[in-house]
Every structure is written in C-alpha cells, then in structure tokens.
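J.: Return a 3D structure for these sequence lines:
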Amino acid sequence: MNTKLIQLYCHICQLCKYSIVANEMQRVSNNYRPQFTDEEVITCYIWGVLNGKSSVKHIYNFIHDYWGDWFPLLPKYHAFNHRINQLCDVLPIILLVIMPGLPCAIPTLEHLLDSMPIIVAKSNRSGTARAASDVCDKGYCASKGTYYYGAKLHFLGKICPGSIPAPAAIRLSKASESDITVAKEWLGKDFSGLTIFADKAYIDKNWHEMLKLMHDISIITPVKLAKNQHFLDAADKLFSRAVSSIRQTIESMFNWLNEKVNLQNASKVRSRKSLFVHVFGKLLAACCEFAFNF
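T.: This is a model prediction of the structure:
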C-alpha cells in the first residue's frame, strides 16, 4: 500500500472542500458528478508529475500501467485529457488556498521577486509559433540570452532562511510583458508592508518612492550604473553583492522547479487550458512536495 498516494488523495479532497474551490469545480462540472471524480483526476495528474512524468499522455500511461488497480474507473486518455483541461481554472485556486500554509521556518515580511520563462517554442521556432496565442507571444529571456515563444511566470516568495522561498503570490503574463510593467500593475494593488529584494529589471526610482509612500513597500535592488558611469564605487559594489547573495535562493528555487516538475518546458502546450494545466498543475505538485514531503 502506498501511503504517500493515499495522503495526496486525502489532501486534494480536503483542499477541494474549500468553498472557493468547490464553487469553481461546481461551475466547471455543471452540477454533474462523474464516477471518476475531479479529485481523482487532479490526484492522478499530481502523482504523475511527482513521479517524473511531464506530459498529460505520459502521466495517463503511468497511472494506467502502474496504478490501474487504484483507479478502476480511469477513463480513456482523451476523456482524461479533456477532464484535466476542464479543471484548468480550478488548479490556480487550489494553489491559492495551499500557498499560505506552506512551511517557513521564521515568519518574515522580507520577500523575493523575479520571473522565469515558460517556453512553448524555442528561438528557432519563436517567430512562427501560434499555440495558445491568447496567453503566449514572443519574448526575450535575458538570463538565457535568447528569444522564445511562450509565457512568463512572475513569482513573489517569502524568504525562508536555510530553504528555498515559500511562494506568496504567482502571476502569469505573456512573454513580451516586461517584469517591471507586471510588477507595477500587481504589487501596489495586492500587497502592503513588505520589503522586496529584486534584480535590476525592477529599478524605477519614482515607482519605488510611490510604493513606499502609498503601500509601505520597499523595493531593494542592486545598484545600476548611471549614464556615462563605467564602474561602481566600492560601497555600491558591496551593496549589490549583498542583494545578489540574498536573491540566490530564488534562482535555486527556479532550478528546483525545473528539475522536479520540468516547469519551464511547455513544448506540448497547444491552448490556454493546457498552458494553465502545465503551469499551475505542476506548481501545485511542487507545493505538495514542499508542504507534505512527498
């Protein structure tokens, strides 16, 4: 008997009882309660991801071949794929419910802010790709120095000493939207009283002053060279290194997400629904791993 799978199913059932999740599931199902329940669909998807399966097809085959006795009412692949896609808007709501309870050794108001690319098509196909065009487009990833077609995941996480950041908020945008544009629309509306460490992409003195004045949010970034300035002075170098050192854990978290759930690679995505399943379903799997030590 696999106790971890039982625990996962029980956790999913418990999460789906929250009113905001249950109401969304009710709208999706149109008052229809199938024999193979929505909770089982979500559990199968997360269990497959946690066992190293990336695509819905691979997840389905894994459940069918190795866990069929546990899920005797598992439908055919096309029905399973349709069901998980229908639940695409439920997954981010479950994620919203689970994130506040994620473990953090020392409660803090200090956060990290950054983004990572969700790549539907790499540079050689980025100009012709059209999949999920309502939520994806062509953008540039500075860290990789390459163009890609896809989306961008914006992440705000609580600093947890000795561990990767605990996610506090997540937002998805098109690849072409700049980090600071999304942050300006996002932070002032939904947050207050935070200290946020970010990279140079978020530098805007006037915006920083406005956030501090109106929302008590402090944005701390490395120092950027001024116009016609070729070198930073010693104090600015030291400060920038300190900020970069604090921000290292968010890079570690992005690497962990890619290793654990293959989040960045969305080459199988063909629609908005499948993109949401890929992003929020895999983030939910990662949060289950983080919270429940699966």
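J.: who does the helix or strand of the chain with the lowest mean pLDDT touch, helix- and strand-wise?
T.: When the helices and strands of the chain are compared on mean pLDDT, DSSP states H and E, helix 19-29 comes out lowest with a mean of 79. Applying 3 or more C-beta pairs under 8 Å, 6 or more residues apart in numbering; DSSP states H and E, we find helix 19-29 packed against helix 38-50, helix 91-98. No exception for glycine: its C-beta is placed from N, CA and C like everyone else's.
J.: Let me know the angle separating it from helix 38-50.
T.: With axes from the mean of the first three to the mean of the last three C-alpha atoms, to 10 degrees applied, the angle from helix 19-29 to helix 38-50 works out at 100 degrees.
J.: Send me helix 19-29 as CSV with only the CA atoms.
T.: Provided in CSV are the C-alpha atoms of helix 19-29 (Å, rounded to 0.1, in the frame of the first residue of the first chain):
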residue,chain,number,x,y,z
SER,A,19,-15.8,27.0,-0.7
ILE,A,20,-13.8,29.0,-3.4
VAL,A,21,-12.5,25.7,-4.9
ALA,A,22,-15.8,23.9,-4.6
ASN,A,23,-17.7,26.7,-6.2
GLU,A,24,-15.3,26.8,-9.2
MET,A,25,-15.5,23.0,-9.6
GLN,A,26,-19.3,23.2,-9.5
ARG,A,27,-19.2,25.7,-12.4
VAL,A,28,-16.8,23.5,-14.3
SER,A,29,-18.9,20.3,-13.8
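J.: quick one: it to helix 91-98, angle?
T.: Between helix 19-29 and helix 91-98, the angle comes out at 170 degrees (the same axes, to 10 degrees).
J.: re earlier: which stretch among the helices and strands packed on helix 19-29 comes nearest Gly162?
T.: helix 91-98 (21.5 Å; C-beta to C-beta).
J.: For the closest one, which residues meet the burial criterion?
T.: Buried residues in helix 91-98, counted by 16 or more other C-beta atoms under 10 Å: 91-95, 97-98.
J.: same thing with stretch 55-64?
T.: For stretch 55-64, burial by neighbour count (16+ other C-beta under 10 Å) applies to 55-56, 59-60, 62-63.
J.: domain assignment for this structure?
T.: 3-87, 105-268 (automatic domain parsing).
J.: Most distant residue from the centre of the protein?
T.: Distance from the centre of the chain peaks at Asn228, with 38.2 Å (C-alpha atoms, centre = their mean).
J.: Could you pull up phi and psi at that residue?
T.: Main-chain torsions, Asn228, degrees, to the nearest 10: phi 70, psi 10.
J.: Got the confidence number for it?
T.: In this model, Asn228 is scored at 77, pLDDT.
J.: One more: the one 3 residues further on?
T.: What the model reports as pLDDT for Phe231 is 82.
J.: Likewise for Thr3?
T.: 84.
J.: Next up, the contacts around the closest residue to Gly48 other than its chain neighbours.
T.: Closest residue to Gly48 apart from its sequence neighbours, by C-beta to C-beta, 6 or more residues apart in numbering: Ile59 at 3.0 Å. Ile59 is in contact with 44-45, 48-49, 53, counting by C-beta atoms under 8 Å, 6 or more residues apart in numbering.
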